[in-house]
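[1] Below is the structure, and that's it, no one-letter string:
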């Protein structure tokens with residue numbers, strides 16, 4: 001273990017990628033799909049040998065800037081690993097291009113879930129397993145990096161609690177603790193609950209009626225918030241409302257970093273019911289569900305179906321589940337969502353879905369978006385400003401943490417929100433230059449930056465298919481997915497460490 005600690009992070013990630021390729025290779029061997037499994041076996045050998053050679057050449061190399069070395073490695077991982085993952089995928093699908101395979105793997109690794117292969121029967125089952133596995137590993141990767149690298153540097157949302165960005169939280173982290181040691185410790189700490197929760201949800205879905213393969217993909221899509229499912233599936237297949245209840249319970253893990261160990265950083269004494277992210281999420285889900293359900297109910301009365309209590313309860317649950325799913329940037333609609341939409345008489349709920357995806361989930365979770373903690377800081381600041389309009393000389397209470405959120409925390413949240421909005425404008429503008437209309441460009445830009453790929457199928461009047469995009473549009477969306485996953489503040493901290501360290 002100590003010898004592995006001396007290797008660069010990118011080399012370790014390449015080795016883990018090679019090991020992961022053995023999973024679809026073994027799955028294809030069991031199913032007798034040798035043409036699909038052989039490229040993954042050969043890819044595992046080649047990438048494993050390449051990682052070993054680079055590891056031998058770079059062993060015991062100590063970077064000059066330990067604080068930013070793993071931050072740079074995280075960004076480089078999204079540039080290097082997807083092409084390696086795409087190579088056996090391309091060989092297993094002869095009638096596709098390497099650019100399409102790269103886009104698919106980048107979308108999976110960033111937990112976006114934007115797929116080019118949504119036609120049933122287009123890919124063998126082993127390739128769907130590879131897509132879901134890459135998404136699951138991508139969720140674990142960002143979870144470890146957020147806790148071990150981003151949060152100690154006041155990035156990824158933690159800058160809201162400190163009012164600083166790009167600086168370490170404590171002198172001992174800067175002067176004593178090696179980032180490689182933190183990365184190893186948090187990876188070993190987070191892997192058992194992450195894998196255990198996935199296994200538990202898989203077993204629950206199978207008991208609820210899902211097939212083993214679909215249940216496994218659905219469990220990995222839920223824990224990683226990737227929404228990656230086989231053969232163009234959009235949610236539960238056979239488990240119905242019981243499967244959705246199980247999924248909803250595990251989606252709450254994407255709302256607060258309290259779901260996993262290591263992400264509290266001195267806030268362990270705060271009761272869970274006082275967690276600002278969880279309270280904000282529940283308020284959003286309740287308010288959106290209430291408004292949409294009221295509109296559904298009015299539409300049902302107009303259609304003379306309002307007396308059907310069972311149908312109304314089904315609409316209520318479908319609305320709540322779909323709202324929670326898009327808030328966590330997973331993008332799995334409820335089984336009865338189409339019925340609820342027809343009842344309401346609304347053609348689409350695109351603006352609501354895009355708003356939910358932009359808000360996103362919790363800090364140091366697998367969810368994307370602006371993050372609930374930043375939204376909460378802006379809400380508290382706005383609430384305080386309203387109070388000062390009524391009582392200009394009043395003093396805001398709530399303790400030091402509340403004052404920090406309303407002051408410097410809200411300022412940092414506003415900076416990030418402006419960077420996010422500017423990123424949307426740039427991506428949408430670039431997509432329109434490729435010949436795309438404004439509406440689909442806006443939907444695709446938000447889906448990429450918020451890592452909510454399924455949003456493209458539900459935000460517009462007609463679904464936007466990624467398979468119909470040109471090469472330049474795919475390249476722009478690929479860059480947007482990386483930026484949305486890494487976050488703009490982390491990129492700025494990497495490019496200008498001295499200015500952001502102060």
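    Okay, I see it. As the structure is a prediction and not an experimental result, all values here were calculated from the model.
[2] The spatially most central residue of the chain in helix, strand or coil?
    By C-alpha atoms, centre = their mean, the chain has its centre lying nearest to residue 367, at 3.6 Å. Secondary structure, DSSP: H, G, I helix; E, B strand; the rest coil: residue 367 is coil.
[3] which residue sits closest to it, ignoring its sequence neighbours?
    residue 361 (2.5 Å; C-beta to C-beta, 6 or more residues apart in numbering). Any C-beta I mention is one placed from the backbone N, CA and C, and that applies to glycine too.
[4] same thing with residue 317?
    Nearest non-adjacent residue to residue 317, counting by C-beta to C-beta, 6+ apart: residue 241, 6.5 Å away.
[5] thinking again about what came up before, OK, contacts around the residue nearest to residue 367?
    Residue 361 sits next to 225, 254, 255, 281, 327, 328, 329, 367, 368, 369, 371, 372 when contact means C-beta atoms under 8 Å, 6 or more residues apart in numbering.
[6] which two in these are spaced the farthest apart?
    Taking C-beta to C-beta, the two most distant members of the contacts of residue 361 are 281 and 368; they sit 14.3 Å apart.
[7] the more surrounded of these two?
    residue 368 (29 against 26; other C-beta atoms under 10 Å).
[8] Double-check that one against residue 359; I have them as touching.
    No. Using C-beta atoms under 8 Å, residue 368 is not in contact with residue 359, being 10.2 Å away.
[9] Tell me the pLDDT of the residue nearest to residue 367.
    Per-residue pLDDT puts residue 361 at 92.
[10] what are the phi and psi angles of it?
    phi -100, psi -150 (degrees, to the nearest 10).
[11] Distance of it relative to residue 323?
    Separation of residue 361 from residue 323 (C-beta to C-beta, to the nearest Å) stands at 13 Å.
[12] for residue 179, same thing?
    Going from residue 179 to residue 323 by C-beta to C-beta gives 38 Å.
[13] what's the answer for residue 456, then?
    18 Å.
[14] Equivalent analysis for residue 226, please.
    Distance, residue 226 to residue 323, using C-beta to C-beta: 19 Å.
[15] and if you look at residue 24?
    34 Å.
[16] Which one's more surrounded, these two?
    residue 24 (31 against 23).
[17] Hmm, that one is touching residue 40, no?
    Yes. Proximity of residue 24 to residue 40 meets the contact threshold set by C-beta under 8 Å, at 4.9 Å.
[18] Please identify every residue contacting each of the two.
    Joint contacts of residue 24 and residue 40 (C-beta under 8 Å, 6+ apart) are 126, 130.
[19] Buried residues of stretch 247-264, list them for me.
    Using 16 or more other C-beta atoms under 10 Å as the burial criterion, the residues of stretch 247-264 that qualify are 247-248, 250-260, 262-264.
[20] Please compute how far it lies from its chain's middle.
    Put simply, stretch 247-264 sits 13 Å off its chain's centre (C-alpha atoms, centre = their mean, to the nearest Å).
[21] before we move on, back to that, where's the residue nearest to residue 367 relative to residue 202, distance?
    Taken as C-beta to C-beta, the span from residue 361 to residue 202 is 21 Å.
[22] now do residue 115
    Using C-beta to C-beta, one gets 21 Å for the distance from residue 115 to residue 202.
[23] ok, these two, which is more surrounded?
    With neighbours defined as other C-beta under 10 Å, residue 115 and residue 202 compare such that residue 115 has more, 27 against 21.
[24] Can you check the pLDDT for that one?
    Reading off the model, residue 115 has pLDDT 93.
[25] Verify the stated contact: it with residue 456.
    No. Using C-beta under 8 Å, residue 115 is not in contact with residue 456; the gap is 9.9 Å.
[26] tell me, what's touching those two both at once?
    In contact with both residue 115 and residue 456: residue 466, using C-beta under 8 Å, 6+ apart.
[27] Low-confidence ranges, this structure, go.
    1-5, 63-67, 163-178, 262-270, 295-308, 340, 342-348, 393-403, 496-502 (pLDDT under 70).
[28] quick one, longest helix in it?
    For the chain, the helix with the greatest residue count under DSSP state H is helix 179-208.
[29] Show me what it packs onto, helices and strands only.
    helix 2-5, helix 66-92, helix 125-145, helix 212-223, helix 240-251 (3 or more C-beta pairs under 8 Å, 6 or more residues apart in numbering; DSSP states H and E).
[30] Quick one: closest of those to residue 30.
    helix 125-145 (9.1 Å).
[31] helices or strands next to that closest one in the packing?
    Here helix 125-145 touches helix 9-20, helix 22-31, helix 34-58, helix 66-92, helix 98-109, helix 179-208, helix 212-223, going by 3+ C-beta pairs under 8 Å, 6+ apart.
[32] Using JSON lines, lay out those helices together with distance to residue 337.
    Below are the helices and strands packed on helix 125-145 laid out as JSON lines (distance: least, C-beta to C-beta, whole Å):
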{"stretch": "helix 9-20", "distance to residue 337": "33"}
{"stretch": "helix 22-31", "distance to residue 337": "31"}
{"stretch": "helix 34-58", "distance to residue 337": "33"}
{"stretch": "helix 66-92", "distance to residue 337": "31"}
{"stretch": "helix 98-109", "distance to residue 337": "23"}
{"stretch": "helix 179-208", "distance to residue 337": "18"}
{"stretch": "helix 212-223", "distance to residue 337": "16"}
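[33] Between the ones you listed, which one is closest to residue 461.
    Nearest to residue 461 among the helices and strands packed on helix 125-145 is helix 98-109; the distance by C-beta to C-beta comes to 23.4 Å.
[34] could you give the angle of the closest one to helix 66-92?
    130 degrees (axes from the mean of the first three to the mean of the last three C-alpha atoms, to 10 degrees).
[35] Determine how far helix 98-109 lies from the middle of the whole chain.
    Computed by C-alpha atoms, centre = their mean, the chain-centroid distance of helix 98-109 equals 16 Å.
[36] do stretch 141-158 as well
    14 Å.
[37] So for it, first residue to last residue, what's the gap.
    18 Å (C-alpha to C-alpha, to the nearest Å).
[38] buried residues in it?
    So, applying 16+ other C-beta under 10 Å, buried residues of stretch 141-158: 141-158.
[39] show me what contacts residue 197?
    223, 250, 253.
[40] Just to check, the second one is in contact with residue 222?
    This means residue 250. Yes. With contact defined as C-beta under 8 Å, residue 250 and residue 222 form a contacting pair (5.2 Å).
[41] Which neighbours do the two have in common?
    Common contacts of residue 250 and residue 222 (C-beta under 8 Å, 6+ apart): residue 201.
[42] Check whether residue 35 really touches residue 92, as I assumed.
    Yes. If you go by C-beta under 8 Å, residue 35 and residue 92 touch, sitting 7.0 Å apart.
[43] Please consider this matter closed, and thank you.
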